[in-house]
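Trainee: Quick one, fold the following:
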Amino acid sequence: MTRFSLSARLAGAGHRLLIASAFLTVIAPAHAEITASDPGAETHDTAIESRNRAIVYGAFEKWREGTYVFAALLAPDVVWTIHGSGPVAGTYRSQDDFVERASRPLTSRLATPVVPEVRSIYAVGDTVLIRFDGAATTTSGAPYRNRFLWMFRMKDGLVIEAEAFLDLAAYQQVVENNEPRPQ
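Mentor: Down below sits the predicted model:
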């Protein structure tokens, strides 16, 4: 599915207000958090949306506690796109490809795991949007902090397509300025 078709899917079926709230959350300051539970926000929660939201929320809670969740959350043939410019931006065509070429270059240079702090999760049809902050300590002792918006398209409880938005300059700074942990 192309970026356009995923975006078009999100905008359809009367979910415009919910999606607008989700994207306003991304650009709103942290103290002006906008969520789907705001009075007047239109919500259409189906069983699949509730299930997908619960799966992703549960995975992020386990991740926050230090459990590696991606093997169980991502389909083996997930298509993961990192938007932006820089060496890591691009599309990865399997869980292994994503881990080896996008995740490991960063995580191998962190002394502590990234701890996610979920700001909001929205489910629209088969798509789940997660806005979160992540923090860790690099192998040189410097802090790593980033803000993320991930869009997951799910099928049968697994992420089959993902799009990620983050500060790629912060990612690249960690990769370029820190030695990998010994294997």
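
Trainee: Which of the helices and strands in the protein ranks last by mean pLDDT?
Mentor: helix 16-27 (a mean of 39; mean pLDDT, DSSP states H and E).

Trainee: Pro105: what's it in contact with?
Mentor: Counting by Cβ atoms under 8 Å, 6 or more residues apart in numbering, Pro105 makes contact with Val88, Val175. C-beta: built from backbone N, CA, C; applies to glycine.

Trainee: Assign a three-state SS to it, would you?
Mentor: Classification of Pro105 using DSSP: H, G, I helix; E, B strand; the rest coil returns helix.

Trainee: about what we covered before: give me the buried positions along the helix or strand just after the least confident helix or strand of the chain.
Mentor: Using DSSP states H and E, the helix or strand that follows helix 16-27 in sequence is helix 47-64. Across helix 47-64, burial judged by 16 or more other Cβ atoms under 10 Å covers Glu49, Asn52, Arg53, Ile55, Val56, Ala59, Phe60, Trp63, Arg64.

Trainee: For those, give me a markdown table that also has pLDDT and distance to Tyr144.
Mentor: Formatted as a markdown table, those follow (pLDDT from 0 to 100; distance: Cβ to Cβ, whole Å):
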| residue | pLDDT | distance to Tyr144 |
| --- | --- | --- |
| Glu49 | 95 | 32 |
| Asn52 | 97 | 29 |
| Arg53 | 97 | 27 |
| Ile55 | 97 | 27 |
| Val56 | 98 | 23 |
| Ala59 | 97 | 21 |
| Phe60 | 97 | 18 |
| Trp63 | 97 | 16 |
| Arg64 | 96 | 16 |
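
Trainee: and of those, the nearest to Met154?
Mentor: Asn52 (4.9 Å; Cβ to Cβ).

Trainee: That closest one: what's it in contact with?
Mentor: So Asn52 contacts Ala123, Asp126, Val128, Phe152, Met154, Gly157 (Cβ under 8 Å, 6+ apart).

Trainee: Report the secondary structure state of the residue nearest to the spatial centre of the chain.
Mentor: With distances taken as Cα atoms, centre = their mean, Trp150 lies nearest the centre of the chain, 2.9 Å away. Here Trp150 is strand, with the state taken from three-state DSSP.

Trainee: what pairs with Thr127 across the strands?
Mentor: Counting by DSSP bridges, Thr127 is bridged to Val124, Arg153.
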